[in-house]
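# Sequence first, then the predicted structure, then my questions.
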Protein chains: 2
Amino acid sequence: MAASIYPDYPPDLTSEQSAYLLSNVKDWSILNGLAVRPSLSFVPKEVDPSRSLAVTAPVTLFPSLFPRRCFEEARAIQTAYNELYALIARDEEWLREIIEELVEVDDFIANLWNVHLEVKKVGYVQSLSLGIFRSDYMVHKDPSQPDSNPEIKQVEFNTIASSFGGLAAKVSGLHSHLLSISAYPSTVPTLITKSFLPSNPSIASISQGLATAHRAYAPSKSHPPLPLCIVFVVQDPENNVFDQHALGSTLLADHNILTFRLPFSATLAYTSIPSDNPSRPLIYKPPHSPSTAYEVTTLYFRAGYAPTEYNSSESWNARLHLERSAAIKCPTILTHLAGSKKIQQVLTTPSSPHLERFLSSTSSAEYINRVRATFAAIYPLDDTAAGKHAIGIATDAGKASGYVLKPQREGGGNNIYGLKIPPFIKSLGEDGKKYRGHILMELIEPPALRNSVFRNGGVTSGEVIGELGVYGVCLWHYGEEVAGPKILENWEAGFLLRTKGRRKAKKEA
Amino acid sequence: MAASIYPDYPPDLTSEQSAYLLSNVKDWSILNGLAVRPSLSFVPKEVDPSRSLAVTAPVTLFPSLFPRRCFEEARAIQTAYNELYALIARDEEWLREIIEELVEVDDFIANLWNVHLEVKKVGYVQSLSLGIFRSDYMVHKDPSQPDSNPEIKQVEFNTIASSFGGLAAKVSGLHSHLLSISAYPSTVPTLITKSFLPSNPSIASISQGLATAHRAYAPSKSHPPLPLCIVFVVQDPENNVFDQHALGSTLLADHNILTFRLPFSATLAYTSIPSDNPSRPLIYKPPHSPSTAYEVTTLYFRAGYAPTEYNSSESWNARLHLERSAAIKCPTILTHLAGSKKIQQVLTTPSSPHLERFLSSTSSAEYINRVRATFAAIYPLDDTAAGKHAIGIATDAGKASGYVLKPQREGGGNNIYGLKIPPFIKSLGEDGKKYRGHILMELIEPPALRNSVFRNGGVTSGEVIGELGVYGVCLWHYGEEVAGPKILENWEAGFLLRTKGRRKAKKEA
């Protein structure tokens, strides 16, 4: 769409323009922490055994074009999406019906559900739940209606480890900086201007969410009271560390809240729940200062979303241990499960009553319909009429090319595209039981745009597609027994404009 | 000194404490632009041909100890030093007597002086001069007076390319951050506290100096008027680029002043002085936007101080071209020359009248004596009684060990230490003429301290010596004909606490 309106975007640069732009991208990014640790394929381990080097995070050299109306609509409905998923996560019965169907075919989902059941047995001690969400969209334009307006269609809704909020605001800052130093040639004056580059509050706004949970937890449940902290549960090693530190440093600077990074694999070793305290505070004794005990108000999971992270029964013990503690989880197991693709498919089923069920008490029919308008066509692979129709597509090489097959887990790394679907379906076994672990989604075919991406020290130019992620923060009460409002805080928290090659794997959600 | 009072500083760390400290040093530094481009010996060119990688700038893991009284005294007398060197740079006659003696023996000095004479012929068109200075000190304690207080002794006074002001403030920030996240074990509570970690205004204060010159230049001298900018004259390649960018980005963010980086070798190609404008504005047409002309208010030299940068007559033409323009130079040729070691030696000559000559109209005798108290013993190598005495030392292997021989140029890279002096002196030739290109300085022997330095991804621990640099900003009128005060602005501008191995070369001043 945008490509057809602005076929000359981005402009061709002279070698001097290109050198100036690139040199400023390289320098501004490092000056401002818009960085990642380089991959081992870029910098071999023997060059930098202590992993001290950094490099500019992958960025586009030019601001990504995105239809303004679509951009604003996605941000305008984020609080409805926040509320929807918060209320789903609160509704164990509704979730159970859907999840139990997956439990038979997906071990990872089964294990997560089991953690919830185990904690339920002993009772949850923390009724507050924090969501830091990201709803991802692509622009869709109905090819059969050339005069129609472009619309956003939701790719997925992330309920755990929604990443890049700590870098996205800096990408906006980078493009604004490049504009202010005239690094963009004036041949596209109407496109790259201050008013076309909205500021991005993602760092401040997501940090504010964590701070709000932290304050809602207080005071300490320990006797005598302990100093409070937030723990970021992280992967190890992690290249995307500066994205996470942008939040941690804002929590310290703006909210005076101490955060610690703790690898998921080390949570059992360094955290404990005193057996004599029925409130079950989660106590963290940092390895560098084992004599100092902190009480964890909030567990911010930037790990624990991938099945590969659970490589032993210890891993599941760790998740259970954390879930049963009094720390506010971002997310809880139920919130994590609410992000399953199956939930998205159930919500989007034509004429399903679910959206109204969850939102009608707070939202107008018109607002609910704006949410519904973002639904892409998603099908189950089961015995229903829609499911049989979808299995027909997924097993037919002549029809599968316009679709993507997705497993339940977060992140796009395991998606199967187009013609690869039929042989994959075949590999799941003849009885069709394992089909249910997946959903089939019509591919959103966004307009191809051109841009240049700087990654690993090199520039790649060509056709790209844009994906808009909108962050949301929501704090809610889990139990029915709590008086007062269910949703305590709910706001839209900035955005991520991502540029992708088609069908490219994502590492983190 | 400090070592004897605090022999256990820095504390020994457990491996967990060390890992926590180091991990936070590595991450905070990149998050905040406390970085350099890695050297080619660390990252071979083939790994990163586009030079996109960055690494933590060399820093101590623990705050450097420095006697507080000495630290405060050095900062308190900085404005006197600023004034002293500004007034020296204004006093062409006084300078000429000293410099002409060097012209015979030092080509670099001769060429600089010649640039001044050439500009003088056509007349200077800019009466304002900006100094961004750094006065470097070590702590000295008289070994024959064990009960005496430690004192600061000046190592050198930098009048060109005084570097690291853009990183030094961040080092202070890093150590404060490490303290605030309890990365320092509490075994040294009385040493590392907020009050022991003074905040460092170097970035804001040096940027303010450049901004002040920029505003003092305005309005444009071109017809029609041109947009104004500051040009950083830089080396290429430059690893210390983030130090410089910290100033440029502050100028843009806090003062709305555009800066450009221009390699010294490219100044002739991209700047010009319109022949029909007697005001001689310096016009910069950026290579990335040759149709846009800017007028340069201020030339900030971060290059042009080393003889090796002048490898052709073009280089000297470039320096002359810049000097004759209307841009405010930081520094002018005369200010650059005022930083010669010979000037320092002349000032420090016992019972010399020079300090009073320059300072007595504005400073009390007591204040002047505080400046004089920072002088180390420095000798000429000439026909005077002091010079003959010094030649006797410099040629005698039995006496030379407590001395350092320095050429006139900025920076310590060409210094000759101790027992290497006599053979070097011999290599200068028997007639002694070239001796005069050098000064002989008694080595300041500061107390050895212990610290750990993080550099190129590795930690080195051991005995180090500390050097304190104090930045100063000064803006003054050059010509006698200007009415009103000679010194327009004068302030102390933050500090650099540097940790060195003994007798280690410096690359930039």
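Cool, got the structure.
# All the strands of the stretch 51-200 of chain A, residue numbers only.
Listed in chain order, the strands of the stretch 51-200 of chain A (DSSP state E, counting those that start in this stretch) span A:53-56, A:59-60, A:128-140, A:151-158.
# which strand is the longest one in chain A?
The residue-count maximum for a strand in chain A (DSSP state E) belongs to strand A:458-477.
# tell me which strands and helices the helix or strand just after that strand is in contact with?
Using DSSP states H and E, the helix or strand that directly follows strand A:458-477 along the chain is strand A:487-500. Where contact means 3 or more C-beta pairs under 8 Å, 6 or more residues apart in numbering or on different chains; DSSP states H and E, strand A:487-500 is packed against helix A:68-76, helix A:78-90, strand A:128-140, helix A:165-180, helix A:202-217, strand A:449-455, strand A:458-477. Glycine gets a C-beta too; all of them are placed from N, C-alpha and C.
# surely A:V59 meets A:N451?
No. Between A:V59 and A:N451 there is no contact under C-beta atoms under 8 Å: 10.0 Å.
# Mind jotting down where the strands sit in the stretch 251-400 of chain A?
Under DSSP E, counting those that start in this stretch, the stretch 251-400 of chain A gives strands at A:259-263, A:271-272, A:283-284, A:294-301, A:328-330, A:378-380.
# Need those strands in a markdown table (columns: mean pLDDT and mean neighbour count).
Listed next are the strands of the stretch 251-400 of chain A as a markdown table, based on pLDDT from 0 to 100; neighbours: other C-beta atoms under 10 Å in any protein chain shown:
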| stretch | mean pLDDT | mean neighbour count |
| --- | --- | --- |
| strand A:259-263 | 98 | 21 |
| strand A:271-272 | 98 | 18 |
| strand A:283-284 | 98 | 20 |
| strand A:294-301 | 98 | 26 |
| strand A:328-330 | 98 | 28 |
| strand A:378-380 | 94 | 23 |
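# So for chain B, which of those strands sits nearest?
Nearest to chain B among the strands of the stretch 251-400 of chain A is strand A:259-263 (8.2 Å), distances taken as C-beta to the nearest C-beta.
# per-residue pLDDT, the nearest residue to A:E92 once chain neighbours are set aside?
Once flanking residues are discounted, A:E92 sits nearest to A:L334: 6.6 Å by C-beta to C-beta, 6 or more residues apart in numbering or on different chains. Listed pLDDT for A:L334 reads 97.
# Do I have it right that A:L268 meets A:E314?
Yes. Judged on C-beta under 8 Å, A:L268 makes contact with A:E314 at a distance of 6.4 Å.
# next one: stretch A:39-47 to chain centre, how far?
Taking C-alpha atoms, centre = their mean, to the nearest Å, the mean C-alpha location of stretch A:39-47 is offset from the chain mean by 27 Å.
# In contact with the residue in the stretch 201-350 of chain A positioned nearest to chain B, which residues are there?
Residue nearest to chain B within the stretch 201-350 of chain A: A:H288 (3.5 Å; C-beta to the nearest C-beta). Residues near A:H288 by C-beta atoms under 8 Å, 6 or more residues apart in numbering or on different chains: B:14, B:16-17, B:19-21, B:183.
# what would those residues look like in JSON lines with pLDDT, secondary structure and neighbour count?
Below are the contacts of A:H288 laid out as JSON lines (pLDDT from 0 to 100; DSSP: H, G, I helix; E, B strand; the rest coil; neighbours: other C-beta atoms under 10 Å in any protein chain shown):
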{"residue": "B:T14", "pLDDT": "94", "secondary structure": "coil", "neighbour count": "13"}
{"residue": "B:E16", "pLDDT": "96", "secondary structure": "helix", "neighbour count": "13"}
{"residue": "B:Q17", "pLDDT": "95", "secondary structure": "helix", "neighbour count": "19"}
{"residue": "B:A19", "pLDDT": "96", "secondary structure": "helix", "neighbour count": "13"}
{"residue": "B:Y20", "pLDDT": "97", "secondary structure": "helix", "neighbour count": "23"}
{"residue": "B:L21", "pLDDT": "97", "secondary structure": "helix", "neighbour count": "23"}
{"residue": "B:A183", "pLDDT": "93", "secondary structure": "coil", "neighbour count": "24"}
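# The closest residue to A:S182 other than its chain neighbours: neighbour count?
Excluding the flanking residues, the one nearest A:S182 by C-beta to C-beta, 6+ apart is B:S289, at 6.3 Å. Counted by other C-beta atoms under 10 Å in any protein chain shown, the residues lying close to B:S289 total 17.
# Tell me how far B:S289 lies from B:Y270.
11 Å (C-beta to C-beta, to the nearest Å).
# again, but for A:R75
A:R75 sits 43 Å away from B:Y270, taking C-beta to C-beta as the criterion.
# A:I99 now?
On the measure of C-beta to C-beta, A:I99 and B:Y270 end up 65 Å apart.
# out of these two, which sits in the busier spot?
A:I99 (23 against 16).
# what sits against that one?
So A:I99 contacts A:109, A:113, A:337, A:340, A:342 (C-beta under 8 Å, 6+ apart).
# Among these, which are located in helices?
Counted as lying in helices by DSSP state H, out of the contacts of A:I99, are A:109, A:113, A:337, A:342.
# Just the angle for the longest strand of chain A relative to helix A:202-217, thanks.
Regarding strand A:458-477 and helix A:202-217, their directions subtend 30 degrees when assessed with axes from the mean of the first three to the mean of the last three C-alpha atoms, to 10 degrees.
# Now A:A397. Nearest residue, chain neighbours left out?
Using C-beta to C-beta, 6+ apart, the closest residue to A:A397 is A:P422 (5.1 Å).
# Wait, that neighbour touches A:I393, no?
No. With contact defined as C-beta under 8 Å, A:P422 does not count as touching A:I393 (9.4 Å).
# what sits in contact with each of these two?
With C-beta under 8 Å, 6+ apart as the test, A:P422 and A:I393 both reach A:A400.
# I'd guessed the residue nearest to A:S182 sits against A:T14; true?
No. If you go by C-beta under 8 Å, B:S289 and A:T14 don't touch, sitting 9.4 Å apart.
# where in the stretch 301-450 of chain A is pLDDT low?
The stretch 301-450 of chain A contains residues with pLDDT under 70 at A:409-412.
# let's go with 90 and repeat that
Applying pLDDT under 90 to the stretch 301-450 of chain A flags the ranges A:312-313, A:350-352, A:383, A:407-414, A:426, A:428-437, A:443-450.
# could you pull out the helices for it?
A:313-324, A:333-338, A:341-348, A:354-359, A:365-372, A:385-394, A:421-427 (DSSP state H, counting those that start in this stretch).
# got a list of contacts for the second one?
It stands for helix A:333-338. Helix A:333-338 is contacted by residues A:85-86, A:88-90, A:92, A:95, A:99, A:109, A:112-113, A:115-116, A:119, A:129, A:131, A:159-160, A:301, A:305, A:319, A:323, A:329, A:343, A:478 when judged by C-beta under 8 Å, 6+ apart.
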